[in-house]
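Engineer: With the input below, show me the fold.
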Amino acid sequence: MGSIGDIYVHFSQELLKRGIGYQGLIYKKASENFKDHPSLNKFSKILFCGFNALNAAETKIYTWLQSSGKAEMLWDIDNYYYKDKTQEAGLFLRRNLEVFDVKQNSFTAEHYKTAKEIHITAVAGQMGQAQLVHDELIKLINNDVSMTKVAVVLANERLLWPVLKLLPKEVEHVNITMEYPIRYTQAYSFIDLLFNIQVNFQNKGRSSDSVYFKEFVAVLQHPFFGVLLKSLDEKFNVSAIIDQINKDNYVFIHQKYIQEKFRELPKIISEIFKPWPSSLDGNNNLVSVIDLIRNYYIKLFETNIIHLELEYMEVLLRSFKRINDVLQKYPMYYADVRSYRQLYTQTIGAATVPFIGEPLKGLQIMGVLETRTLDFEYLIMVGVNEGVLPSGKTVNSFLPNDLKRLFGLPLYYEKDAIYAYHFYRLLQRSSFVHLIYDSETDEMGKGEKSRFISQLQFELKHYHSDHQITEHVAVSASPVYVDDAISIEKNEQTLEKILTKARSSDEFGGISPSALNTFKECSLKFYYRYGAGLKEIKEVEESAEANTFGSILHLALENLYKPYINKNLAEEDLLKMLSELEKEVEKAFKEFFKDSSPLQGKNYLQIEVLKVYVKRLIDLDKENVKALKKQNKFLKILFLESSWKAPLQVNVNNKQETFYVQGKIDRIDDFGGKIRVIDYKNSVKDSDKFTFTNFETVFEDINYNKQLQLFIYVWLVYKNKPEYLKQLQPGIIPFKKFLKKPKQIVGADKQDLEFSTDLMSDMEGHLSSFVGRIVDVSKPFGQTDDLKICEFCDYKGICNR
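Structural biologist: You can find the predicted model right below:
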């Protein structure tokens, strides 16, 4: 391969042989051959109006035409940016006017010395900006301003649909004059999701054709997939599939599952989720999908919105045809999905749908480039952010700047100068201007106002003092934060579910220790969960969350120890458990992750942690069995994951009722004559209190939550097995910071607390009073004062905390 120069010459020659060329080559050839072109004889005079940035070929053509008397250049100039050599907006005008004659009838003026009212507003998000446009238009309408004098200019094309959706109904005529990129349409985003699935197939290799659940669900939830299904079967229920995926925790969706779910629909639906045999097959698949949707829209050809969607799809289908030709001609270059996707992005990513409106009637909505040579008295410009207007430095060429400068190719600052001219020229004849920018920030600095705004603020007043420039930040109408505390009155309706559960003696009835601790923390949280029945939406867990992790640990331990219930544990039993540990942990894990995917990444690490936790307990039991054996004592598992329930007399608004308290105890064992009531926990915090002083503190202080739970377990066992009372020893085994001895309740003397009938009676009285408070109609459910509790609360969004 030769130098860049050799490649350029060879490439240009090859293109010219075929009668085609890129833009620069076409310009060059036109500038070399235009003088003898017959079309020049059709005109006695050619007027070039409102031009700004001319390339070398254009300059050559215009210079010759002007010098030969065939053309005249009419420039639109304001001295504000033309005479100031540091003003980028006048960069090309200053260059041009060194070459061309300036005629007296050129539009050179001092419009920036006429007072302007300029408002600058920062507002968050696209809808926030669109709402501001709505509000500004309403003000103008109320002031009897004709909409023919008003333009809404979109610096960011993405704002088109939000602005259209929020246009006031009082605006009778709207004309859109701009090009809307296909890449911002729903059709494009839908195809992008399908590409994501195919790229994932390629990443995993041919060994796996399962679809990652997020990509699968994203396709199912996309509006275009909904349209696709409607065109085939209006009754098909996508929600049921998504619910099952969430319920069964499928991380990867297998082809067998997909085939089964879509078996009653045409093959094209399940084909979407299959690996494409080749790029050409993929292209044909995408064409079939878009064609189906297009045909469905044709049947519904009623509204302008559907009409626009059809236009998008026509552009897409034409682009796919071009891609098809390339794939057939050069299959070896686009054999893999990534190269095919790159071809698709290059072909369709730059495609646009043009909107051409009526310039003499109604409100004008347009892009920045479409404002050329147009003037408006009232101007609302939206999306005026740095990185949008101007677009800034973009690297889309392998040619270094020095080489570009040498050959007169445009540099990034010259592109910025073009947009600066459009901006300042548009403003120069306006009397009222409202510049709106997005204040939403991210790590890349998005949310910064355009430097053109800053230039106006710092320079324009010095140029002419009569300009009125104001700036403020708009506060969105939502979300509304309310200072007043939320409270829910207790009545028959709000207490219905709570009372029904509390009065029930069946396996699902009764009040649990976790419910009581929730009420301690925040009575409103208790109401949301147990009264209103608001629960967090079940979503797929790619790796075990904290509660799922605990459930897997409990299940693995239950399965390992279950064969030895009511048997004196021997060292050999525990050795056998150790040999089965790995199998049982993985089996328990797959109970919660049913897609049978290989255990890898975070899941693999979590399983290894689970194995360590389980081994710690078995090893400890092995040591204890040895030690007890020397004392002629034994360790016997009595109960595992057992449910306990007991009745409780409660004063419900001056009337005695029987409620039930229930709890699930992880393990109860006979440890050398002591009856241990064990609760497994991932960890115990330093703030957790295990020293018993009085029940008032236990039932009020959230740092005693774990102690309260143990007391309730002891009380439940006592009510069902009173003979155990003297031997009861409740404790928590924390797996993260593992202890040789369970964390137990101790008295003021730091000795293990002894349980008696008097202590249990005292406990029951306080428990009854506490439960009575839950249903006391004189005390509404209210928010906690401790905001730390709100940090990880599922309902903090409802409470605006």
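Engineer: Name the residue most distant from the centre of the protein?
Structural biologist: In the chain, Asn632 marks the outermost C-alpha relative to the chain mean, sitting 62.2 Å out by CA atoms, centre = their mean.
Engineer: On the three-state scheme, that one is what?
Structural biologist: Recorded secondary structure, Asn632: coil (DSSP: H, G, I helix; E, B strand; the rest coil).
Engineer: Please point out which parts of stretch 729-739 sit buried.
Structural biologist: Gln729, Pro730, Gly731, Ile732, Ile733, Pro734, Phe735 (16 or more other CB atoms under 10 Å). Placement of C-beta: from N, CA and C, glycine included.
Engineer: now the first one: how far from Ala646?
Structural biologist: As for Gln729, its distance to Ala646 is 19 Å (criterion: CB to CB, to the nearest Å).
Engineer: same deal with Cys793?
Structural biologist: From Cys793 across to Ala646, the span is 30 Å (CB to CB).
Engineer: what's the answer for Ser210, then?
Structural biologist: 48 Å.
Engineer: beta partners for the nearest residue to Pro780 once chain neighbours are set aside?
Structural biologist: Leaving aside its chain neighbours, Pro780 sits nearest to Ser487 (4.3 Å; criterion: CB to CB, 6 or more residues apart in numbering). As for beta bridges, Ser487 partners with Gly782 under DSSP bridges.
Engineer: Would you check that Ser487 makes contact with Leu524?
Structural biologist: Yes. In this structure, Ser487 is within contact of Leu524 by CB atoms under 8 Å, at 7.4 Å.
Engineer: quick one: the strands in the stretch 101-250 of the chain?
Structural biologist: With strands called from DSSP state E, counting those that start in this stretch, the stretch 101-250 of the chain shows them at 107-109, 117-123, 150-154, 174-181, 211-212.
Engineer: still on that earlier bit, could you pull up phi and psi at the residue farthest from the centre of the chain?
Structural biologist: Backbone torsions for Asn632, taken as degrees, to the nearest 10, come to phi 60, psi 40.
Engineer: quick one, what contacts it?
Structural biologist: Contact partners of Asn632, counting by CB atoms under 8 Å, 6 or more residues apart in numbering, are absent.
Engineer: roughly how far apart are it and Gly672?
Structural biologist: Distance from Asn632 to Gly672, by CB to CB: 9 Å.
Engineer: Need the winner for burial among the strands of the stretch 101-250 of the chain.
Structural biologist: When those are scored by mean count of other CB atoms under 10 Å, the highest mean neighbour count falls to strand 150-154 (a mean of 25).
Engineer: Where does the prediction get shaky in the stretch 351-500 of the chain?
Structural biologist: By pLDDT under 70, the weakly predicted segments of the stretch 351-500 of the chain are 356-360, 392-398, 403, 406-408, 441-447, 475-484.
Engineer: Start from the N-terminal end of it and give the helices.
Structural biologist: For the stretch 351-500 of the chain, applying DSSP state H, counting those that start in this stretch gives helices covering 401-406, 412-428, 451-455, 461-463, 492-503.
Engineer: With mean neighbour count and distance to Ser3 as added columns, please give these in a markdown table.
Structural biologist: As requested, the helices of the stretch 351-500 of the chain are exported to a markdown table (neighbours: other CB atoms under 10 Å; distance: least, CB to CB, whole Å):
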| stretch | mean neighbour count | distance to Ser3 |
| --- | --- | --- |
| helix 401-406 | 11 | 12 |
| helix 412-428 | 21 | 25 |
| helix 451-455 | 18 | 38 |
| helix 461-463 | 12 | 49 |
| helix 492-503 | 16 | 80 |
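Engineer: how about these, which one is nearest Asp375?
Structural biologist: Closest approach to Asp375 among those is made by helix 412-428 (7.6 Å; CB to CB).
Engineer: Mind giving me the packing neighbours of that closest one?
Structural biologist: In terms of contacts (3 or more CB pairs under 8 Å, 6 or more residues apart in numbering; DSSP states H and E), helix 412-428 is packed against strand 76-78, helix 79-82, helix 91-99, strand 378-382, helix 451-455.
Engineer: Please identify the deepest-packed of the ones you listed.
Structural biologist: Using mean count of other CB under 10 Å, strand 378-382 ranks as the most buried of the helices and strands packed on helix 412-428, with a mean of 25.
Engineer: Tell me who's in contact with Gly550.
Structural biologist: By CB under 8 Å, 6+ apart, the residues touching Gly550 are Tyr680, Asn682.
Engineer: Many thanks, have a good one.
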